[in-house]
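Student: Quick one: sequence plus predicted model below, questions after.
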Amino acid sequence: MEAIKTGPRADPASRAAEPARKVFVKTYGCQMNVYDSQRMTDALAADGYAPTQRIDEADLVLLNTCHIREKAAEKVYSELGRIREMKRERQLVGRDMTVGIAGCVAQAEGREILRRAPVVDLVIGPQTYHRLPDALRRVRSGEKVVETDYAIEDKFEHLPQPGRAEIIRRGVTAFLSVQEGCDKFCTFCVVPYTRGAEVSRPVAQIVAEAERLAGAGVREITLLGQNVNAWHGAGPDGREWGLGRLLFRLAEIPGVARLRYTTSHPRDMDDALIAAHRDLAALMPYLHLPVQSGSDRILKAMNRRHRADDYLRLVEQIRGARSDIAMSGDFIVGFPGETEADFEATLGLVREVGYAQAFSFKYSPRPGTPGADMQGHLGEGVKDERLQRLQSLLSAQQQDFTTSRVGMRFDVLVEKPGRLPAQLAGRSPWLQPVILDETAGEIGDIIPVRIARSEGTTLFADAA
Ligand code: SAM
Ligand code: SF4
């Protein structure tokens, strides 16, 4: 931990009229950040902070940031410009506002953030969230705190669990991080530098958290990890478990009806996990399996350690185990040296797989990654044009997949009220939003429906 003395600050907790300090958390990036934001909120609740949705009434503003692409990181700095004005206005009426940067920008840029944005009081990396209350105490005593050391202790062991009321407030679906960090070192990616080495949480800790969630009404759990299918751990039977075995164990927990996991690396899809897709009814038939490119030359330059063919064979094997599985993926266009032929190979792979849904990005050079120093960076114009072509193919596939559900019967998990009165909103097994009539059931129910029509990517179930 590094700290700079800046002189004592008014402690908002000491204001007699304020029962609780308020925290506003804004989350950027992936589901792991969503999960981390919840865990930070839990840690802060134990320290007397109540969450608020209104930034202008917050005593503490925390931006949980993403560093994966340049745009994502720059968004944080422009938000900090707005926050600086807000903080000034609050100070004019005698109220202070503490500003904290968490997440991968915090980890990657550390002290540089304080230089670029003096409004920031606290910089805290993703491995040290359990130290948040202590770091805030130091901020209140006048320090600027940079907390980006990789903690030796396990942050999950030290982070408080959410209370039952908070789990219920968050709804009937929940994220559960089982794995953090990455040892793969794809040449485009900052994750191994910002999240550190691959670490798996122990089985007992994961089961206990899942039981707690299910006990408060959660029906669907999505296991998270930067490389979630690399998860492994010692099982209570004394054997080494992989993700497939863990999923079977979690499916035994009363109340857990649906399981998902994301994000997976093709090299870590082992036979036991593929068998789980065949044999475990609770495991939903949807798999996010990023490939990034369809060109072997580019895959090699990306250090993906698989070829396009390996990926296609894998998809075939997974579909052999579960024929109705919907595939999702991530793609990067315009990696250094990518030719038109390489890009065509990506389009070819997409046509061969047929994706139900996908994320595609223009390559963004990240400082400190090998890709940033490679020869052959492409112009933005080429990247834009390729991204547009790829995205129109992917959205046509997504549209086909959506309309192919019309007329089908399947179970929907009811998640929340719909946007319009008398509606409920749920999810199909393939993660598509489904709108139902409010008489169809209750939130948390899993009900069989027939799909009457689709609109965009949303499905509408018959009233009866
Ligand atoms: N672990 C996952 C995997 O192996 O594919 C990916 C996790 S990464 C947080 C999410 C996605 O961001 C990647 O799959 C990739 O498509 C995209 N991404 C990562 N670095 C990028 C970069 N430098 N430029 C553009 N997209 C990037
Ligand atoms: Fe990044 Fe995923 Fe590659 Fe790890 S496996 S370096 S998280 S893209």
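Tutor: Nice, thanks for sending it over. Ligands and ions are numbered 1, 2, ... in the order given.

Student: Where does the stretch 351-464 of the chain get nearest to ligand 2, which residue?
Tutor: Thr369 (8.9 Å; Cβ to the nearest ligand atom). The C-beta positions use only the backbone N, C-alpha and C, and glycine is treated the same way.

Student: And for the stretch 301-450 of the chain?
Tutor: Residue nearest to ligand 2 within the stretch 301-450 of the chain (Cβ to the nearest ligand atom): Arg304, separated by 7.3 Å.

Student: could I get whichever strand or helix holds Ala358 in CSV with only the CA atoms?
Tutor: Using DSSP states H and E, Ala358 sits within strand 357-362. What follows is strand 357-362, C-alpha atoms only, in CSV (Å, rounded to 0.1, in the frame of the first residue of the first chain):
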residue,chain,number,x,y,z
GLN,A,357,-24.9,-14.4,-30.2
ALA,A,358,-21.4,-12.9,-30.2
PHE,A,359,-19.2,-10.0,-29.2
SER,A,360,-16.8,-8.5,-31.7
PHE,A,361,-14.3,-5.8,-31.3
LYS,A,362,-11.7,-3.8,-33.2
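
Student: returning to that earlier point: quick check, the residue of the stretch 351-464 of the chain closest to ligand 2 in contact with Val190.
Tutor: Yes - the pair Thr369 and Val190 passes the contact test of Cβ atoms under 8 Å, sitting 6.0 Å apart.

Student: So between the two, which is more surrounded?
Tutor: Using other Cβ atoms under 10 Å, the more surrounded residue of Thr369 and Val190 is Val190, with 24 against 18.

Student: Need the per-residue pLDDT for that one.
Tutor: For Val190, the pLDDT comes out at 94.

Student: I'd like to know how far it sits from Ile68.
Tutor: For Val190, the distance to Ile68 (Cβ to Cβ, to the nearest Å) stands at 6 Å.

Student: Run a quick neighbour tally on the spatially closest residue to Val315 that is not a sequence neighbour.
Tutor: Spatially, and ignoring its direct neighbours in sequence, Val315 is nearest to Val353 (5.5 Å; Cβ to Cβ, 6 or more residues apart in numbering). The number of residues packed near Val353 is 20, by other Cβ under 10 Å.

Student: quick one: contacts for Val353?
Tutor: Contact analysis of Val353 by Cβ atoms under 8 Å, 6 or more residues apart in numbering lists 312, 315, 327, 329.

Student: Pull out the buried members of those.
Tutor: Burial by neighbour count, judged by 16 or more other Cβ atoms under 10 Å, picks out 315, 327, 329 from those.

Student: OK, contacts around the first one?
Tutor: The neighbourhood of Val315, defined by Cβ under 8 Å, 6+ apart, consists of 289, 327, 353.

Student: residues near Gly456, how many?
Tutor: A total of 9 residues lie near Gly456 under the criterion other Cβ under 10 Å.

Student: Tell me which residues of the host helix or strand of Phe343 come out buried.
Tutor: Per DSSP H and E: Phe343 is located in helix 340-353. Going by neighbour count (16+ other Cβ under 10 Å), the buried part of helix 340-353 is 342-343, 345-347, 349-350, 353.

Student: Then stretch 165-175?
Tutor: In stretch 165-175, counting by 16+ other Cβ under 10 Å, buried: 167, 170, 172-175.

Student: what's the angle from the helix holding Phe343 to strand 357-362?
Tutor: Helix 340-353 and strand 357-362 meet at an angle of 170 degrees, taking axes from the mean of the first three to the mean of the last three Cα atoms, to 10 degrees as the criterion.

Student: before we move on, back to that, what are the contacting residues of the helix or strand following the strand holding Ala358?
Tutor: Downstream of strand 357-362, the next assigned helix or strand under DSSP H and E is helix 380-404. Helix 380-404 is contacted from outside by 326, 331, 333-334, 338, 343, 346-347, 350-351, 354-358, 360-363, 430, 432, 454, 456-457, 459, using Cβ under 8 Å, 6+ apart.

Student: can you tell if helix 380-404 touches ligand 1?
Tutor: No - if you take Cβ under 6 Å from any ligand atom as the test, helix 380-404 misses ligand 1, and the best it gets is 9.8 Å.

Student: and the angle for that helix with helix 340-353?
Tutor: Going by the same axes, to 10 degrees, helix 380-404 makes 10 degrees with helix 340-353.
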